[in-house]
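Would you be able to build a 3D model of this:
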Amino acid sequence: MLKNFLRSYLNYTRKERTGILVLTALILFFSGLPFFYPLFISPTETDPAELEKAFDGFPVQENDSLTDDRNKDPYQKNRYRSYGQEDHPAPVFNGTLFSFDPNTLSAEGWKKLGIRDKTIKTILNYISKGGRFRQPGDIGKIWGLHRDEIQRLMPYVNIPQQETEPKRVFEKTERKAVMLKTFDINKADTSSFIDLPGIGSKLASRIIAFREKLGGFYRIEQVAETFALPDSTFQKIRNYLLVNDPAVKQLNINSATADELKQHPYIRYNLARAIVEYRNQHGNFSALSELKKIILVTDELFLKLSPYLTIR
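Now for the predicted structure:
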């Protein structure tokens with residue numbers, strides 16, 4: 001009985017036997033194909049000189065000492081850089097930063113800022129034909145001015161608002177017109193702010209307190225960052241605000257502690273700690289732009305914070 005079972009189980013039809021034979025032949029053919037390939041196709045010889053010339057066209061990345069150190073320690077690379085981000089040397093600027101009005105600055109002044117002669121000529125030609133810079137961001141429209149130069153110069157642009165006649169504001173509570181004048185927000189006391197529409201003693205005190213924590217205002221728009229100050233109120237009072245003296249108190253990032261850094265409204269504790277840790281691992285900062293190597297420092301934050309920092 002077992003013999004009959006095995007015979008019926010192992011018995012193949014004619015079609016199945018043909019399939020097995022074809023499949024076996026194909027397996028043997030493809031298995032032996034690599035051994036017969038050289039008999040039909042001769043390998044081409046490559047001239048070493050041509051091969052070397054071809055590789056010369058590929059870019060080669062040169063690592064500096066900072067990059068080498070990061071390759072050895074992936075923790076540092078991920079901590080202070082975005083994943084996949086290459087190390088590029090910080091742009092070198094030959095010039096001295098100072099507060100300036102682009103509408104009145106002379107060629108010598110632009111040159112002192114480190115601007116190229118060709119770009120200076122473009123700026124002066126624009127102004128001579130009646131052009132004007134109305135806000136700091138307008139310098140970004142200058143042809144030939146590099147993006148890094150724009151970010152470097154913008155915090156120091158100071159375009160004074162033209163003095164106008166005192167505006168009449170009608171106070172419903174007093175039923176009379178009050179005469180208001182513009183004033184310097186870096187020198188004003190609480191009484192100057194209280195006179196403005198929509199500003200009471202509490203908001204005036206907050207503006208002054210915010211100014212002290214910052215170390216001074218370098219742009220009028222910073223007043224709008226005061227806690228609980230409605231934007232609608234700021235829009236009503238901005239025409240009365242001036243920044244005649246944009247000099248601000250600066251923090252030395254090469255000597256300040258994390259506790260000192262975190263006191264600034266624009267620096268949170270995690271960023272203050274990252275600045276100190278980066279300084280301990282890589283030495284003192286040689287330029288403010290090195291802060292961008294810390295992953296927490298975005299371009300927007302750097303532009304906002306740089307006027308309050310120094311390396312000396």
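
Could you count how many residues lie near G137?
11 (other C-beta atoms under 10 Å). For glycine as for every other residue, the C-beta is placed from the backbone atoms N, C-alpha and C.

my read: it touches L153, true?
No: G137 is not in contact with L153 according to C-beta atoms under 8 Å; the separation is 11.1 Å.

in what helix or strand does the residue nearest to L291 when sequence neighbours are not counted lie?
Nearest residue to L291 in three dimensions, chain neighbours excluded: V297, at 4.8 Å (C-beta to C-beta, 6 or more residues apart in numbering). Counting by DSSP states H and E, no helix or strand carries V297.

contacting residues for V297?
271, 291, 305 (C-beta atoms under 8 Å, 6 or more residues apart in numbering).

and if we set it to 10 Å?
If a contact means C-beta atoms under 10 Å, 6 or more residues apart in numbering, then V297 has 80, 271, 274-275, 278, 289-291, 305-306 as its contacts.

D259 too?
Taking C-beta under 10 Å, 6+ apart as the test, what D259 contacts is 269, 272-273, 276.

Mind giving me the ChimeraX select for those, buried ones only?
Those of the contacts of D259 that count as buried under 16 or more other C-beta atoms under 10 Å are selected in ChimeraX with:
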select :272,276
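
What separation is there between K15 and G137?
Noted for K15: a distance of 82 Å to G137, by C-beta to C-beta, to the nearest Å.

my bad, should have said S191
Distance of S191 to G137, given as C-beta to C-beta: 32 Å.

Check L271 too.
For L271, the distance to G137 (C-beta to C-beta) stands at 25 Å.

try N11
Taking C-beta to C-beta, one finds N11 at 89 Å from G137.

now do E108
To G137, E108 is 25 Å away according to C-beta to C-beta.

Could I get the full set of strands for the stretch 151-300 of the chain?
167-171, 176-180, 183-184, 241-242, 251-252 (DSSP state E, counting those that start in this stretch).

The last one pairs with which strands?
Strand 251-252 sits in its sheet next to strand 309-310 (parallel), going by DSSP bridges.

cool, the fourth one as well?
Within its sheet, and counting by DSSP bridges, strand 241-242 is paired with strand 183-184 (parallel).

For the partner strand, which outside residues touch it?
Under C-beta under 10 Å, 6+ apart, the answer for strand 183-184 is 189, 192-193, 195-196, 217, 240-246.

Just the buried residues from those, in ChimeraX please.
In ChimeraX, a selection of the buried entries from the contacts of strand 183-184 looks like this (16+ other C-beta under 10 Å):
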select :192,193,195,196,217,240,241,242,243,246
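
Take the contacts of strand 183-184 and lay them out in TSV including pLDDT.
Listed next are the contacts of strand 183-184 as TSV, based on pLDDT from 0 to 100:
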residue	pLDDT
D189	94
S192	93
F193	94
D195	92
L196	94
F217	94
Y240	94
L241	94
L242	94
V243	92
N244	88
D245	78
P246	80
